[in-house]
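**Q** Sequence first, predicted coordinates after that:
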Amino acid sequence: MTLVEKAPSSATDVVECDVAVVGGGPAGIAAAARAAESGAGTLLIDQGVHPGGQVWRHRNEADLPHVARRWIERLGRSGARVMTQSAVTDATPDGLLRVVRGRAGMSVRAGTVVIATGARELFIPYPGWTLPGAMGIGGGQAMLKGGLDVRGRRAVVAGSGPLILPVAAAMARSGALLQGVLEQASVGRLASFGTSLLRHPSKLIDGARYRSAFACTAYRTGSWIVRAEGDGRVERVVMTDGKRSWSRECDLLCCSYGLVPNVDLASLLGCVIDDGRVVVDDWQRTSVARILAAGEPTGIGGELAALTEGQIAGLVAAGRNPAGEAALTRGRSSWLRFSGQLATSFALRDELRHLAQADTIVCRCEDVPRSRLDPSWTARQAKLYTRTGMGPCQGAVCGAACHFLFGWPADRVRPPLGAPEVAAVAGSAIATDAGHPSESRA
Amino acid sequence: MSPSRQPDVLVAGAGVVGAGCAFALAREGLRVCLIDGGFVGGGSTASAMGHLVVMDDSEAELRLTAYSRHLWSELAKEMPADCEAEQRGTLWVAATDAEMAAARTKRDRYQSHGIAAEVVDEQLLMSMEPMLRRGLAGALHVSDDSVLYPPAAARHLADRARALGAELRENCTVERIDGRSVYVRERGGSTAVLSAGAVVNAAGIDAPLLTPGLPIVPRKGQLLITDRYPDFCNHQVVELGYLESAHTLGGPSVAFNVQPRATGQLLVGSSRELVGRDPEVNRELLGTMLQRAIHYMPQLASLVVTRSWTGFRPATPDALPLIGRWEGVDGLWIAAGHEGLGITLAPATAALIVDGILGRASAVDPTPFAPGRAMPNSHVPAAV
Amino acid sequence: MTNAEVEIVVDGRRVVVPAGTILAAALANEGVQAFRTSVTGQPRAPICGMGSCFECRVTVDGRPHQRSCLVPCEHGMVVDTASGGGA
Ligand SMILES: Cc1cc2nc3c(=O)[nH]c(=O)nc-3n(C[C@H](O)[C@H](O)[C@H](O)COP(=O)(O)OP(=O)(O)OC[C@H]3O[C@@H](n4cnc5c(N)ncnc54)[C@H](O)[C@@H]3O)c2cc1C
Ligand SMILES: Cc1cc2nc3c(=O)[nH]c(=O)nc-3n(C[C@H](O)[C@H](O)[C@H](O)COP(=O)(O)OP(=O)(O)OC[C@H]3O[C@@H](n4cnc5c(N)ncnc54)[C@H](O)[C@@H]3O)c2cc1C
Ligand code: FES
């Protein structure tokens, strides 16, 4: 793998490639590797320090599971070029991408673009969720992988979805004292998920292994966080199973409710998005010519689904027919079913809509409390009248929350994505060099 | 919705102009029905900078903007904090000696109309706005200009109208105005015919759809907002060359225009182009606009961007709004076509409409704004 | 300090962390509670760890609004947080 170390020296430099893959998680890695192996000049662009995305985030390749190491090595051999710590901040359907690396902006022109931008977490507001010490489940995991020291810290992992077990296990292994592991879905729902896991045995083994890592802490289903309390940080959390409530001293609270596809880039490009997911055909093609999507943007299916979709997208982007690889096409339909199961099993209970009190902050960037939001509005009204979703996160957190609370579909995405500096949007190379355009106006 | 008595006046369009009219009419004790196909302040008003500014391209514009700014300062006394009203003042930056001469002329004209305006030299300018680049000639400081947050201000005006008994119907599209009868369609699909003593067309860029023949075209503008940098800049800072770009309906143009928001964010503008109603951000023009801004304020380059967007100014060929009776259709009044000054001009527009409907004299001569006036034989393309 | 470590300055204090540590984690380990102050004055800290929530913003080498969860610690980096009255 060729690491592209330096951004081009001037804004007018354009990197050309046949295939640009945006996002270096499992989907993006698989897409880039397969496209490059098929002979396409391929560029993988990722925001992280190393390719890996959320699930394969690492500081040390030795810490990675076998499948991850295998794919990262394969990417290395494939001839794909990799740009890390680089964010795609804008894109147009003609395949022109605006990329910001550090403080420098540059352009990439691609014949085909593969969107593999992964997912973020769904946060549902509850009293106290803004206190330092409260974070997401994936957030906790990312912080742990980034070097967070949790030894001796009292932790609760709660919310919903298959991330709870691995993250609780990782916390326990790293020395956190687990005070509770809570899943809001009921046992009955989960049983149906268990049944579907039988068709995917590797997932089941994972579950058992994780459970053994914190054997002495109960994994409670049908239970959720009611509120967090504390003076300037989380000190205590109150939980319930709907009948009974209890509280625990706690200083690290990981709570989120599954994943939300990152479709910002796809929507900037004008791809059709339905129910929060990029619409693709069997070949991962979006509604826009030469724009493909793979992995979580097309629906939450997990790492193996992402690998399958990524491979298909990589082949198609390189001009190959994926139908030749029966394992991939079969895998794709089986993961589609799995993803449907996931959604049903972890369906969110209505009680979660009523956790936020009148004074609970819903939009964290702009500190907008629940009481200022009128459920009869649209997201755009909430934004214009109260600034909800207008802050730096552009609704990444509150947009999904409001969708859950009030049913509001997301508001329009506008460039730039990912908060670059003005100079990068202006198209000048480096901030401090900028500022002497010709006197004549356009 | 409870069946209401026939309103005295029906206002079509609840942008800042329509909401302003509704409030001014309700304050006179008239029964008002304010209708919008979307929601209050969701049209051009939602995308505007909210610079309340006296402009002097023509005598008529100077009188109307000055009057309107005064009316806003009265209204501001009761505006809640979310309208973000602040008296920032405008600094018209002169880059060259020629522009400095233009600044002096502008000052004299302002002062002769009782508008506070002072020329500042480079040194004073640098102390007022340290982030401006060195080597500028100076500026004209208009201290009583101010800024507000347009959609919240429109909402506030609509709320005040409602508090006085006006009826607000959102998600209700006016399909046709036929004299004093107005055909509407609710979001759900149901239709109705409403009638009123008078109808005001305040539908912004869509006004010609309801009143064919109105010479209004959408003139696209782009803005960009940064994260919060309180104290980076204190005034609305605009290049004097802006006047040139703003008032010729030619090809695309950009001008340096930066506004500090009450939030500490910086709003950076502006551009103008005639491209129909394509809402996409024109990346190239945005780049040119930002380079121009960086040229005047180099440190802007390193600020973190939160969002860019586009909006449409309802432009007319002679750069003056269309305010008054529409000859030929009984009971129909027009309040539209304010181009880049609709936020500024909303209260004055409302005052002229109220005066017209009540048959009284206005504080400002309304003739230059008569919707049926002769227009320059313009090259304005038909609305797309 | 070894080769596998880097030294950064957090709210004026020198801190040695393992190379490769993500700044947000380093700050939390250092006991920083308030990474930033919200618009109504509340203390805030990271929640997503992946660049999307913007709660982990701090001032890095004089530049405000940098997402510390995206920044690997580098030798000599000077960081100001709300806990130190900085961001
Ligand atoms: C926070 C989090 C934690 C997770 N933890 C686990 C886990 O422990 N176990 C598990 O099985 N699954 C986990 N998942 C689910 C996992 O992400 C998916 O199952 C799988 O990784 C999907 O792969 P992907 O390639 O679609 O997305 P991801 O792995 O999320 O990769 C997306 C990549 O795209 C990059 N990116 C996004 N937007 C841009 C842009 N505009 N420009 C440049 N780069 C961009 C991101 O930085 C990221 O590297 C987690 C997901 C999240 C969001
Ligand atoms: C980038 C930009 C910056 C600007 N900056 C400034 C500034 O700093 N200062 C300033 O003074 N001005 C500024 N303006 C100009 C200002 O935005 C407009 O002049 C002003 O908003 C026009 O207000 P309006 O009420 O006429 O139109 P709108 O706000 O568009 O309101 C019209 C309303 O009518 C409704 N409507 C349309 N058709 C129908 C129908 N058939 N039935 C029912 N309802 C209908 C629409 O939904 C809309 O809500 C700016 C404009 C732009 C684009
Ligand atoms: S923790 Fe969310 S952006 Fe850094």
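**A** Perfect, thanks for sending it. Ligands and ions are numbered 1, 2, ... in the order given.

**Q** now the residue in the stretch 301-442 of chain A that ligand 1 sits nearest to, what's its secondary structure?
**A** The stretch 301-442 of chain A approaches ligand 1 most closely through A:Ala306 (3.5 Å), counting by C-beta to the nearest ligand atom. For the C-beta atoms, the positions are set from N, CA and C on the backbone; glycine is no exception. Recorded secondary structure, A:Ala306: helix (DSSP: H, G, I helix; E, B strand; the rest coil).

**Q** these two touch, right, it and A:Gly25?
**A** Yes: look at A:Ala306 against A:Gly25 with C-beta atoms under 8 Å: they come within range, at 6.4 Å.

**Q** quick one, which of those two is more surrounded?
**A** Set A:Ala306 next to A:Gly25 and count neighbours by other C-beta atoms under 10 Å in any protein chain shown: A:Ala306 wins out with 30 against 27.

**Q** From A:Gly76, how far out is the residue of the stretch 301-442 of chain A closest to ligand 1?
**A** 19 Å (C-beta to C-beta, to the nearest Å).

**Q** next one: A:Arg57
**A** Taking C-beta to C-beta, one finds A:Arg57 at 17 Å from A:Gly76.

**Q** between the two, which one's more packed in?
**A** Per other C-beta under 10 Å, whichever of A:Arg57 and A:Gly76 has more neighbours is A:Arg57, with 24 against 15.

**Q** Tell me the residues of chain C that contact ligand 3?
**A** Neighbours of ligand 3 within chain C, by C-beta under 6 Å from any ligand atom: C:24, C:46-49, C:51-56, C:67, C:69.

**Q** So which of those residues are in strands?
**A** C:Arg67 (DSSP state E).

**Q** Farthest-apart pair in the residues of chain C next to ligand 3, please.
**A** Largest separation among these by C-beta to C-beta: C:Ala24 and C:Ser52, giving 12.9 Å.

**Q** who has more neighbours, the two?
**A** Shown here are C:Ala24 and C:Ser52; by other C-beta under 10 Å, C:Ala24 has more neighbours (29 against 24).

**Q** So that one sits against C:Cys48, correct?
**A** No: at 10.0 Å, C:Ala24 does not count as touching C:Cys48 under the criterion of C-beta under 8 Å.

**Q** Common neighbours of those two, please.
**A** Common contacts of C:Ala24 and C:Cys48 (C-beta atoms under 8 Å, 6 or more residues apart in numbering or on different chains): C:Cys69.

**Q** Let me know how buried B:Ala94 is, in neighbour terms.
**A** B:Ala94 has 26 neighbours, counted by other C-beta under 10 Å.

**Q** Next one: it from chain C, what distance?
**A** For B:Ala94, the distance to chain C equals 31 Å [C-beta to the nearest C-beta, to the nearest Å].

**Q** Contacts only, for that residue.
**A** Listed by C-beta under 8 Å, 6+ apart, the contact set of B:Ala94 reads B:100, B:102-103, B:136-140, B:240.

**Q** what does A:Val280 give?
**A** Contact partners of A:Val280, counting by C-beta under 8 Å, 6+ apart, are A:286, A:292-294, A:298.

**Q** Need these in TSV (columns: pLDDT and secondary structure).
**A** Shown next, in TSV, are these (pLDDT from 0 to 100; DSSP: H, G, I helix; E, B strand; the rest coil):
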residue	pLDDT	secondary structure
A:Thr286	98	coil
A:Leu292	98	strand
A:Ala293	98	strand
A:Ala294	98	coil
A:Thr298	96	helix
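
**Q** If we only consider those, which is nearest to ligand 2?
**A** The closest of the contacts of A:Val280 to ligand 2 turns out to be A:Thr286 (C-beta to the nearest ligand atom; 30.6 Å).

**Q** Now do the residue nearest to that closest one when sequence neighbours are not counted: how many residues are near it, please.
**A** Spatial nearest neighbour of A:Thr286, chain neighbours left out: A:Cys271 (4.0 Å); criterion: C-beta to C-beta, 6 or more residues apart in numbering or on different chains. Counted with other C-beta under 10 Å, residues neighbouring A:Cys271 total 22.
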